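1. Sharing a model that was predicted from the sequence below.
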Amino acid sequence: MKVRQWAWLLLAGAVAPFVFDNGPDPVSDGLYRVVDDHGRIGYADAYGVVRIAPRFAFGLPFANGVARVTLSGHPAAVPGSEGEYHRWEDGDWFCINKSGSIVKCPSSSDHGSRP
């Protein structure tokens, strides 16, 4: 059986990959989520270079050039999951592009994709 392991050395002011489903956040649309020592979300490229500094309370992965993010809210357990699954509640959501600028969020009818 092959076991995969992952670890990061965190220095003051450094970021680590956001942990999702028991592992590091996968690269999506060229970026993956990172978290700083204050729990804020940002985004790094596949080489680990931070492209959008952590400043969001939470953010979803990038898709089609945009990510849905929020500056507020809190995690809450999904009912019936016995605390295993969580979602983000009470945030004022908006979208950013890959440079971190605020952009119009695609409508939910745009190919049925995130964000």
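-> Looks like it arrived, so ask away. Numbering: from 1, shown residues only.
2. just checking, next helix/strand downstream of the helix or strand bottoming out on mean pLDDT in the chain?
-> Taking mean pLDDT, DSSP states H and E as the measure, the helix or strand of the chain with the lowest value is strand 19-20, at a mean of 82. Remark: after strand 19-20, the chain's next helix or strand is strand 23-24, criterion DSSP states H and E.
3. partner strands of that next one, parallel or antiparallel?
-> strand 19-20 (antiparallel) (DSSP bridges).
4. Next one, pLDDT for the closest residue to Asp45 other than its chain neighbours please.
-> Closest residue to Asp45 apart from its sequence neighbours, by CB to CB, 6 or more residues apart in numbering: Arg51 at 5.5 Å. For every residue, glycine as well, the C-beta is placed using N, CA and C. Looking at Arg51, its pLDDT reads 95.
5. Quick check: buried residues in the host helix or strand of Arg51?
-> Secondary structure from DSSP H and E places Arg51 in strand 50-56. The neighbour-count check on strand 50-56 (16 or more other CB atoms under 10 Å) flags Ile52, Pro54, Phe56 as buried.
6. Can you tell me which of these is nearest Arg68?
-> Phe56 (9.9 Å; CB to CB).
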